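> Okay, sequence plus prediction incoming.
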Amino acid sequence: MSDDYIHSLREAVGHQPIILNFAGGILTNAQGDVLLQKRTDFNAWGLPGGALELGESQAEACQREFKEETGLRVKVTQLLGSLSKATQRYPNGDLAQTIVTMFKVEVVGGTLEVANAETADLAFFALDNLPEIFNDQHQVVLTHYRKGQYPFYD
């Protein structure tokens, strides 16, 4: 198994369109504010999460990505939904149809910290006062969550 499935795949196919599976989550604080990550690749805000590695479940990927991107250990408590019809062009020219599975998560350990190359900042935002979100899928997830409309799918 590869430690970086996407990197290995991209070495073989270059920038050609591919299908990628992602998992992420919504973590809220006591006030109901949602944790967002300011991403270094897009210089914009989104939900913590990332691509599945070979052999990982969606829940395992969500937990791993939270640890890598936020410093927090989380447990998955609820499936929120899945979106599968969007495409994403990355700053490096890669194009992918993205399948995103989102979960509600709770903190079980760790410390909130910006300590990786993918994260420029971390902050909690009120659901009615969110910054610009880096892609449509994350915006759709946040809209469904704010309205209490889950599970969701496209």
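Perfect, thanks for sending it.

> so where's the protein uncertain?
For the chain, applying pLDDT under 70 flags the ranges 1-3.

> Paired strands for the longest strand belonging to it, with orientation please.
If you go by DSSP state E, the chain has its longest strand at strand 72-89. Paired strands of strand 72-89, with direction, are strand 95-110 (antiparallel), strand 152-153 (parallel) (DSSP bridges).

> So which of those is nearest I26?
The closest of the strands paired with strand 72-89 to I26 is strand 95-110. By C-beta to C-beta, the value is 5.5 Å. Just so you know, the C-beta spots here come from the backbone N, C-alpha and C atoms, and that holds for glycine as well.

> Same question for the next helix or strand after that closest one: list its buried residues.
Next helix or strand after strand 95-110 toward the C-terminus (DSSP states H and E): strand 119-125. Using 16 or more other C-beta atoms under 10 Å as the test for burial, strand 119-125 gives T119, A120, L122.

> how much space is there between the spatially most central residue of the chain and G148?
Centroid-nearest residue in the chain, with C-alpha atoms, centre = their mean: G49, separated by 2.6 Å. For G49, the distance to G148 (C-beta to C-beta, to the nearest Å) stands at 21 Å.

> sorry, back to before: which one among the buried residues of strand 119-125 gets closest to G25?
Distances from G25 to those, taken by C-beta to C-beta, are shortest for L122, at 13.5 Å.
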